[in-house]
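[1] Sequence first, then the predicted structure:
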Amino acid sequence: MTERYPDISFERRMDLVDFRVHERAHITVDGDSCRGCTTQACVVACPANLFIPVSDGGILFNYEQCFECGTCYMVCNTEGAITWTYPEGGHGVVFGHS
Amino acid sequence: MPTDFDAIVVGAGPAGAAAAIALARAGKSVALLERGPFPGSKNMYGGVIYGRILDGIIPNWWEEAPIQRWVTRRATMLMTGTQSLTIDYRTTAWGTAPYNGATAYRPDFDNWLAGHAVTAGAELICSTTVTGLLREGSRVVGVRTDRPGGDLTAEVVIACDGVNSFLAKEAGMYPHTEAEHFTLGVKETISLGSDVIDERFGLRDREGADFEIIGCTGGIPGGGFLYTNLDTIAVGLVLQLPGLAKQKKRPEELIADLKAHPSIAPLVEGGDVKEYSAHLIPEGGFKMMPELTCDGMIVAGDAAAMCLAAGIWLEGVNFAIGSGLAAGQTAVEAIRRRNTSVDGLEGYRRRIETNFVMADHRKLADVPDLIMSERVQQLYPQIACNVAERIFTVENPRPKPGFNAIARSELKSAGVRVRDIAKDAIKGLRSYG
């Protein structure tokens, strides 16, 4: 059945959602903390797949297509490694059919 | 010094809208602040709004609310990789006014409810993020916003700022922020067409179905859901954060697994994903609740962990409305008496203790832990499905085995002791009985 109806690509999945991106990043990540992190739980848990591990052991992140759920800072095991605030008013995710 | 408003409500979700309605209808000036471009724009959920709490606020609300379908079919499904056992309840009673549960798109529903606050006289200010509290000593006297010159003062602030509640945390009211109390909700809204939905789910007109599923989360404590809107269905998962963090599958892959399950695939296949969404849920309930009031501030809705995740009952919007309404009524009373200190706001706890909001949470305080246990999550669904399979498998010429023999051998092979079942049963009976 999954062959008959293949799952959509992650890019397509995220393109379906309305994100009104502000120039200021509402997430900041402390690279040094990430390089020493053994779990990097944000990589698997973020539903928007915003955290990408890179070869030097750090984390590359972007904030543009963020659901503003808070999972990343909640699962992060290093206090202060992920700083997270709400985006500027009127910006960020806008749901329509959820 | 005069304040800008009698009350400021932060967050125009169902809790905030209900609080603002209570304040505005009592003639108080109230600012209803919303960081999204419109109320509900940041909100998603796992499926059903129970409307009885609205009866006292908006008479005949069902004639005007933006409802997708009225739930007349409520199923609980126990699932393994290849099996499922479903308790499937249907009634015509829920298909006529005053109805029981409804499905809706939260951006529509929340916007509609906040509209009633505006009609009552509340000032709705959208696209405005509250960035912190204004305080005099320990007393909350207003909020900072990201608008230029955006500080606003009030006699009372009502924090309905959702599951992450930065306001309750800033005020030092939230000691229970451990990840284990939270789940991630992820969901796909899938276009199928209303005729196809009616046919697949056995529905007519505006009848709706709501399936709650256990055993479908790849070993992560949590659950799944599937429900019908008018011409879309929603399928999703709730995943306990520490469990999600310590395994390798991503949320959308776990949804894909659920959609590919032989019991679910025939219901969802062929549809186009219309929207993908995610949100945190404060599932810990009573045990994770913050302090509910401090001098000058009340916390309500998800911000106060009012969401009820009690296995067979999964409710949140009604608890948000119930707590928000109580917060608004309490603020009105406290402003009249010119005492908005913790003592002056004491009526909030009294109000929610004497109705369903805290009564249900208190009664079901142990249930979230029980539901998230390995036995309920994995072993019981496996045992229940295997027992059903053996009862209904005809193995002629061998005669039918007795239920006792089947149950005992399945318990044994699952490694579950009768003592554990008794313990869970007692816990369950204490909570649900």
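    Great, that's in hand.
[2] give me the number of residues near residue 71?
    Defaulting to chain A. Residue A:71 has 28 neighbours, counted by other Cβ atoms under 10 Å in any protein chain shown. (C-beta placed from N, C-alpha, C; glycine too.)
[3] sorry, should have said chain B
    25.
[4] Would you confirm that it belongs to a helix?
    No - according to DSSP: H, G, I helix; E, B strand; the rest coil, residue B:71 belongs to no helix; its state is strand.
[5] Bridged to it, which residues?
    residue B:101, residue B:208 (DSSP bridges).
[6] go on, the one 4 residues further on?
    Taking DSSP bridges as the rule, residue B:75 bridges to residue B:88, residue B:211.
[7] Determine the set of other helices and strands touching the helix or strand containing residue B:387.
    Per DSSP states H and E: residue B:387 is located in helix B:380-392. Secondary structure elements in contact with helix B:380-392, counted by 3 or more Cβ pairs under 8 Å, 6 or more residues apart in numbering or on different chains; DSSP states H and E, are strand B:69-79, strand B:84-90, helix B:403-414.
[8] Now chain A against chain B: closest residue?
    Relative to chain B, the nearest point of chain A is residue A:90 (3.0 Å; Cβ to the nearest Cβ).
[9] which bits of the stretch 1-150 of chain B sit near chain A?
    Contacts of the stretch 1-150 of chain B with chain A, taken as Cβ under 8 Å from any Cβ of the partner chain, map to B:35-37, B:40-45, B:105-107, B:126-129, B:131, B:145-147.
[10] and these, which of them are in strands?
    B:131, B:145 (DSSP state E).
[11] burial count for residue B:135?
    Neighbours of residue B:135 under the rule other Cβ under 10 Å: 16.
[12] tell me the pLDDT at residue 11?
    Let's take chain A. pLDDT for residue A:11: 95.
[13] my bad, the chain I had in mind was chain B
    Residue B:11 carries a pLDDT value of 98.
[14] which non-adjacent residue is nearest residue B:15?
    residue B:301 (2.7 Å; Cβ to Cβ, 6 or more residues apart in numbering or on different chains).
[15] Number of residues surrounding the one you found?
    33.
[16] Thought residue B:17 was touching it, still the case?
    No - using Cβ atoms under 8 Å, residue B:301 makes no contact with residue B:17, being 9.9 Å away.
[17] Find residues that contact each of the two.
    residue B:324 (Cβ atoms under 8 Å, 6 or more residues apart in numbering or on different chains).
[18] got a list of what the nearest residue to residue B:263 once chain neighbours are set aside touches?
    What sits nearest to residue B:263 in space, not counting adjacent residues and going by Cβ to Cβ, 6+ apart, is residue B:84, at 4.1 Å. Contacts here follow Cβ under 8 Å, 6+ apart; on that basis residue B:84 touches B:77, B:78, B:261, B:263, B:385.
[19] if you set the cut-off to 10 Å instead, what comes out?
    Counting by Cβ atoms under 10 Å, 6 or more residues apart in numbering or on different chains, residue B:84 touches B:77-78, B:211, B:213, B:215-216, B:261-264, B:381, B:384-385, B:388.
[20] show me where chain A has strands.
    Taking DSSP E as the test, the strands found in chain A are A:18-20, A:27-29, A:51-53, A:59-61, A:82-84, A:92-94.
[21] How many residues are close by residue 69?
    Chain wasn't specified; assuming chain A. What residue A:69 shows, counting by other Cβ under 10 Å, is a neighbour count of 27.
[22] could you do chain B instead?
    When neighbours are defined as other Cβ under 10 Å, residue B:69 has 28 of them.
[23] now swap in residue A:46 and tell me
    Around residue A:46 there are 23 other residues, counting by other Cβ under 10 Å.
[24] Residue B:278 is in contact with that one, correct?
    Yes - Residue A:46 lies in contact with residue B:278 (Cβ atoms under 10 Å); the separation is 8.8 Å.
[25] Return every residue with contacts to both of those two.
    Counting by Cβ under 10 Å, 6+ apart, the residues touching both residue A:46 and residue B:278 are A:66, A:67, A:69, A:71, B:184, B:251.
[26] Report the beta-bridge partners for the fifth one.
    To tie it back to what came earlier, the one meant is residue B:184. residue B:239, residue B:280.
[27] Tell me how far the residue nearest to residue B:15 lies from residue B:7.
    Residue B:301 sits 15 Å away from residue B:7, going by Cβ to Cβ, to the nearest Å.
[28] show me what contacts the closest residue in space to residue B:286 that isn't next to it in sequence?
    Excluding the flanking residues, the one nearest residue B:286 by Cβ to Cβ, 6+ apart is residue B:365, at 3.8 Å. Going by Cβ under 10 Å, 6+ apart, residue B:365 touches B:284, B:285, B:286, B:287, B:289, B:310, B:431.
[29] Now render the shared contacts of residue A:46 and residue B:278 as TSV, adding pLDDT and distance to residue A:11.
    Compiled in TSV, these are given as follows (pLDDT from 0 to 100; distance: Cβ to Cβ, whole Å):
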residue	pLDDT	distance to residue A:11
A:66	98	15
A:67	98	16
A:69	98	19
A:71	98	20
B:184	98	21
B:251	98	16
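[30] if you look at the residues you listed, which of them are in helices?
    Counted as lying in helices by DSSP state H, out of the shared contacts of residue A:46 and residue B:278, are A:71, B:251.
[31] any chance of the shared contacts of residue A:46 and residue B:278 in TSV, plus distance to residue B:353?
    Shown next, in TSV, are the shared contacts of residue A:46 and residue B:278 (distance: Cβ to Cβ, whole Å):
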residue	distance to residue B:353
A:66	37
A:67	34
A:69	31
A:71	32
B:184	30
B:251	36
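[32] Of the shared contacts of residue A:46 and residue B:278, which is the nearest to residue B:356?
    residue B:184 (26.4 Å; Cβ to Cβ).
[33] Roughly how far does the residue most central in space within chain A sit from residue A:61?
    The geometric centre of chain A, computed from its C-alpha atoms, lies nearest to residue A:50 (Cα atoms, centre = their mean), at 3.0 Å. To residue A:61, residue A:50 is 5 Å away according to Cβ to Cβ.
[34] Counting neighbours, what do you get for residue B:390?
    Residue B:390 - counted by other Cβ under 10 Å - has 17 other residues nearby.
[35] Tell me the spatial nearest neighbour of it, not counting adjacent residues.
    For residue B:390, the closest residue by Cβ to Cβ, 6+ apart turns out to be residue B:406, at 4.8 Å.
[36] Residue B:358 now?
    Once flanking residues are discounted, residue B:358 sits nearest to residue B:352: 4.7 Å by Cβ to Cβ, 6+ apart.
[37] Ok, residue A:13 next?
    Distance criterion Cβ to Cβ, 6+ apart; nearest residue to residue A:13, sequence neighbours excluded, is residue B:276 at 4.8 Å.
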